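>>> Got a sequence here, can you build the structure:
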Amino acid sequence: KILSAGEDATVKVWTLDDTNKTEYRLLHTLIGHQDAVRSLAISPSGDNILTAGDDKMVIQWSLQTGLPLYTLEGHSDSVVAVAYNPKDDMVLTGSEDCVMGLWTLRDRVLH
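The predicted structure follows:
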């Protein structure tokens, strides 16, 4: 899969076309952010993605369904970086509010 994001506040999930192996087709358009999406990350399991943006939110999505699973809120400015840890149970965020956030996914708490 290939992911693309940008100023239109959406994330697009693309997959290799089954009939034409040199082209990609749109699988999902993820709608949930209110402003530009600045960063995204694929979970180590490959099942989910995180998106972060100028709306100060981080959203976890199911790659299978294209639906949001939950939202992490706690930054006071644009979130410009997001990453999973290798065990897939914590998330690291970076924001223009000069705060790096460490979140536990089980309880969605910013540490």
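
>>> Going by C-alpha atoms from here, please, whenever you check contacts or count neighbours.
Fine.

>>> State the phi and psi torsions of D77.
The phi and psi torsions at D77 (degrees, to the nearest 10) take the values phi -150, psi -180.

>>> Surely it touches V99?
No - in this structure D77 lies outside contact range of V99 using Cα atoms under 8 Å: 9.3 Å.

>>> who has more neighbours, those two?
Between D77 and V99, D77 has the larger neighbour count (other Cα atoms under 10 Å), namely 17 against 13.

>>> and the residue lying farthest from the centre of the chain, how far is that from L63?
Residue farthest from the centre of the chain, counting by Cα atoms, centre = their mean, is T19 at 28.5 Å. T19 sits 21 Å away from L63, going by Cα to Cα, to the nearest Å.

>>> Equivalent analysis for L27, please.
With Cα to Cα as the criterion, L27 and L63 are 9 Å apart.

>>> show me what contacts I49?
L40, A41, I42, S43, Q60, W61, S62, L63 (Cα atoms under 8 Å, 6 or more residues apart in numbering).

>>> let's see it at 10 Å
3, 40-43, 59-63, 66, 68-69, 83-84 (Cα atoms under 10 Å, 6 or more residues apart in numbering).

>>> cool, and S4?
Shown in contact with S4 (Cα under 10 Å, 6+ apart): T10, V11, K12, V13, W14, T29, V37, S39, L40.

>>> same deal with P86?
S43, P44, S45.

>>> So among the residues you listed, which ones count as buried?
Among those, those scoring as buried are S43 (criterion: 16 or more other Cα atoms under 10 Å).

>>> Identify the contacts common to L27 and L63.
K1, V13.

>>> how many neighbours does the closest residue to P68 other than its chain neighbours have?
Excluding the flanking residues, the one nearest P68 by Cα to Cα, 6 or more residues apart in numbering is W61, at 4.3 Å. W61 sits with 22 neighbouring residues when counted by other Cα under 10 Å.
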